[in-house]
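Colleague: kindly generate the corresponding structure for this input.
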Amino acid sequence: MRKKLIGSILVVMILLGSIAPVTNVSAKTLAESFSGGTYLTKTYTGSVYTYFCSKSAWAKTIGYYKNHYVRAYVGGSSSSANGAIADTGRQYSSGDIKRTATTDKVLVQYNKDLSLFFPMGYAKYGSN
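Modeller: Below you'll find the model as predicted:
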């Protein structure tokens with residue numbers, strides 16, 4: 001009798017668990033889940049003195065499950081993407097998301113300062 005009762009309770013719990021709505025709960029705040037940065041990619045041309053280079057900006061969130069966006073861009077300013085040469089735009093999600101904006105490749109001489117060729121890159125997030 002006792003085994004039958006325990007078995008029945010388990011079946012009811014399993015059934016309730018299977019029909020209950022699943023809700024993701026954010027363990028982190030949006031700021032805690034966000035990371036971003038920039039990097040350069042060099043592709044050698046075969047010549048000792050030149051290579052192609054591009055700049056990328058990336059933005060991502062991990063562990064935040066409410067509606068939010070990330071945006072990455074190269075150019076513009078820290079407050080606006082106006083004039084950006086590469087831009088992901090706002091990419092919305094209710095889960096983990098990563099977006100990367102990459103410029104076109106530029107032919108560069110090996111001894112040139114790359115900051116002369118590429119503006120700053122930015123990574124942003126928000127919830128509106």
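
Colleague: low-confidence stretches in this structure?
Modeller: 1-27 (pLDDT under 70).

Colleague: can you pull out the helices in it?
Modeller: Applying DSSP state H to the chain gives helices spanning 2-19, 30-33.

Colleague: didn't Thr41 look like it was pressed against Ser56?
Modeller: Yes. Using CB atoms under 8 Å, Thr41 makes contact with Ser56 at a distance of 6.6 Å. All C-beta spots, glycine's among them, are computed from the backbone N, C-alpha and C.

Colleague: give me the common contacts of these two.
Modeller: Listed as contacting both Thr41 and Ser56 by CB atoms under 8 Å, 6 or more residues apart in numbering are Thr102.

Colleague: more neighbours: those two, which one.
Modeller: Legend: neighbour count by other CB atoms under 10 Å for Thr41 and Ser56, higher for Ser56 (18 against 13).

Colleague: give the contact list for that one.
Modeller: Thr38, Tyr39, Leu40, Thr41, Ala72, Val74, Ala86, Thr100, Ala101, Thr102, Thr103, Gly121.

Colleague: report the buried members of those.
Modeller: For these, a burial check counting by 16 or more other CB atoms under 10 Å picks out Thr38, Ala72, Val74, Ala86, Thr100, Ala101, Thr102, Thr103, Gly121.
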